[in-house]
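In: Kindly generate the corresponding structure for this input.
(one chain, ligands or ions: 2)
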Amino acid sequence: MDRRVSRRIAVAPLTAEAFARFGDVLDTEGEPDRIINQGLCGRFHDLAALDFTDGRAGISLFRAEPRMLPLALEMVERHPDGSQCFVPMSPDPFLVIVAPDEGGAPGRPLAFRTAPGQAVNFHRGTWHGVLTPLHPPGLFAVVDRIGEGANLQEHWFDEAWTVG
Ligand SMILES: NC(=O)N[C@@H](O)C(=O)O
Ligand code: NI
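Out: Ligands and ions are numbered 1, 2, ... in the order given. This is a model prediction of the structure:
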């Protein structure tokens, strides 16, 4: 009997609970923490743990090509010196891929699809797929570490995983 592990990764809806071991989910679920601006705005306050060993936080804009599913996942990466936050600038869902660390290498990846208005913040050192829009224009604000060195470890799989 073929005991090969399936290399197909299903895409699940993103939830804070399922993502908690990998990072933070930012959204406007529930009541805002503060009502500001003369009652015209709800502030959902301090939603992500920004964590940098050195350097500083920076905000960059990404314009990324949308991908189609099923996706051949060839690699994941991690940033040992800083967290990384993807904030979509459109209401379109995007794909979030993470993997547990197993002795310094990624284990079986997990894939999530965001709901409109959800953003994610990868904890420092979390294995993740690169920014992966599913719809144009693929515009994101990214909050991550600005500092010396590459702050990047890549892992290329011997055999790609199929996501979706
Ligand atoms: N390289 C870069 O700025 N972005 C990646 O870290 C990514 O996760 O998309
Ligand atoms: Ni990254």
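In: all helices for this structure, in order.
Out: Ranges of helices in the chain, per DSSP state H, are 16-19.
In: Given the longest strand belonging to the chain, what are its sheet partners and their directions?
Out: The strand spanning the most residues in the chain, taking DSSP state E as the definition, is strand 153-163. Applying DSSP bridges, strand 153-163 is found paired with strand 8-9 (parallel), strand 71-78 (antiparallel).
In: Out of these, which is the most enclosed?
Out: For those, the largest average neighbour count (mean count of other Cβ atoms under 10 Å) is found in strand 71-78, namely a mean of 17. No exception for glycine: its C-beta is placed from N, CA and C like everyone else's.
In: Quick one: distance of it to the chain centre.
Out: Centroid separation between strand 71-78 and its chain, computed with Cα atoms, centre = their mean, to the nearest Å, is 12 Å.
In: Next: stretch 131-138.
Out: Distance of stretch 131-138 from the chain centroid (Cα atoms, centre = their mean) equals 13 Å.
In: same question, stretch 107-116
Out: Chain-centre distance of stretch 107-116: 8 Å, with Cα atoms, centre = their mean.
In: Would you mind pulling the contact partners of it?
Out: Residues from elsewhere that reach stretch 107-116 (Cβ atoms under 8 Å, 6 or more residues apart in numbering): 5, 9-15, 18-19, 22, 27, 73, 76, 88, 91-101, 120, 127, 129, 134, 161, 163-164.
In: does that stretch come close to ligand 1?
Out: No: using Cβ under 6 Å from any ligand atom, stretch 107-116 stays clear of ligand 1, coming no nearer than 13.8 Å.
In: List the buried residues in that stretch.
Out: 109-114 (16 or more other Cβ atoms under 10 Å).
In: Quick one: end-to-end length of it, please.
Out: Terminal residues of stretch 107-116 are spaced 28 Å apart (Cα to Cα, to the nearest Å).
In: The protein against ligand 1: which residues are in contact?
Out: The chain has residues 84, 128, 130-131 near ligand 1, with proximity defined as Cβ under 6 Å from any ligand atom.
In: follow-up on the earlier one: the longest strand of the chain - what's its average pLDDT?
Out: Mean pLDDT, computed over strand 153-163, is 98.
In: what sits up against that strand?
Out: Applying Cβ under 8 Å, 6+ apart, the contact partners of strand 153-163 are 7-9, 11, 69-80, 95, 97, 105-106, 109, 111, 127.
In: just the CA coordinates of that strand, formatted as PDB?
Out: Taking C-alpha atoms only, strand 153-163 is exported to PDB below (Å, rounded to 0.1, in the frame of the first residue of the first chain):
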ATOM      1  CA  GLN A 153      16.400  32.100   6.100                       C
ATOM      2  CA  GLU A 154      14.900  30.300   3.200                       C
ATOM      3  CA  HIS A 155      14.000  26.600   3.000                       C
ATOM      4  CA  TRP A 156      13.500  25.100  -0.500                       C
ATOM      5  CA  PHE A 157      11.500  21.800  -0.400                       C
ATOM      6  CA  ASP A 158      12.900  18.800  -2.200                       C
ATOM      7  CA  GLU A 159       9.400  18.300  -3.500                       C
ATOM      8  CA  ALA A 160       6.900  21.100  -3.800                       C
ATOM      9  CA  TRP A 161       3.700  21.000  -1.800                       C
ATOM     10  CA  THR A 162       0.400  21.600  -3.600                       C
ATOM     11  CA  VAL A 163      -1.700  24.200  -1.900                       C
END
